[in-house]
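K.L.:
coordinates only, no sequence provided:
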């Protein structure tokens, strides 16, 4: 299946005059911008899939398709003049449903230098629709926690679910203005903040490891149990 998906992205990629590759006419995580070219998260997902296909083939002693690496290395991610990542090739600051640019930092780890991470965080946080879905700010919270900013992460963590809670049980609605619970993606976002943000968990080739966990001042401790196939326990004080 991974081979088929990788081959699909190669077939969807169009070579530009400068040698880069574009993926045209897509809808990314920001559904407010349909039929765009070079959506950041779509292109990032293609890059990741192609890289993983090469890794999997190598691990299995199978000759990878040479086009997988060629295309992965040259799929374009557009930038504004100041280095901020563009949501798509013609993005110009419009309100968005959710900041799929930030998904290039987490979980894809394509953008991993602190300067660009912070530029993207600060730019897109204030362009997300306040009536939008709950999970958007969860991603921002994970990233801020991984940067060591526990208080900003905690602020965004609360903003990711508190406006979406519906009585009598606190079930989460898809958006802050709707009443259609239960929105499981919102709950997934909350859990990712706890595990991969404050808990400092990372998925690596060596398994699940912990790096630099942080806690907001409002929490005394955090215990994560039953993590991974080894049933690990992580305690953060």
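P.N.:
Arrived safely, thanks for sending. Because the structure is a prediction, the values reported are computed rather than measured.
K.L.:
wait, what's in contact with the spatially most central residue of the chain?
P.N.:
With distances taken as C-alpha atoms, centre = their mean, the residue of the chain nearest its centroid is residue 103 (2.3 Å). Residue 103 makes contact with 29, 40, 41, 44, 139, according to C-beta atoms under 8 Å, 6 or more residues apart in numbering. Bear in mind the C-beta positions are built from the backbone N, C-alpha and C, glycine included.
K.L.:
wait, a helix at it?
P.N.:
Yes. Per DSSP: H, G, I helix; E, B strand; the rest coil, residue 103 lies within a helix segment.
K.L.:
what strand or helix carries the closest residue to residue 217 other than its chain neighbours?
P.N.:
Once flanking residues are discounted, residue 217 sits nearest to residue 151: 7.0 Å by C-beta to C-beta, 6 or more residues apart in numbering. Take DSSP states H and E as the rule and residue 151 turns out to sit in helix 150-159.
K.L.:
toward the C-terminus from that helix, list the very next helix or strand.
P.N.:
Stepping forward along the backbone from helix 150-159, the first helix or strand reached (DSSP H and E) is strand 165-166.
K.L.:
note down every partner strand of that next one and its orientation.
P.N.:
According to DSSP bridges, strand 165-166 forms sheet pairs with strand 171-172 (antiparallel).
K.L.:
give me the distance from the strand it pairs with to the chain's centre.
P.N.:
22 Å (C-alpha atoms, centre = their mean, to the nearest Å).
K.L.:
what is the rounded mean pLDDT of the very next helix or strand once past that strand?
P.N.:
Moving toward the C-terminus from strand 171-172, the next helix or strand (DSSP H and E) is helix 184-192. Mean pLDDT, computed over helix 184-192, is 91.
K.L.:
give the other helices and strands that the very next helix or strand once past helix 184-192 contacts.
P.N.:
Past helix 184-192, heading to the C-terminal end, the next element that is a helix or strand (DSSP H and E) is strand 201-204. Packed against strand 201-204, as judged by 3 or more C-beta pairs under 8 Å, 6 or more residues apart in numbering; DSSP states H and E, are the following elements: strand 207-210.
K.L.:
pairing partners for the strand it packs on, with directions?
P.N.:
Strand pairing (DSSP bridges) places strand 207-210 next to strand 201-204 (antiparallel).
K.L.:
so what touches the strand it pairs with?
P.N.:
Under C-beta under 8 Å, 6+ apart, the answer for strand 201-204 is 195, 196, 208, 209, 210, 211, 224, 227, 234.
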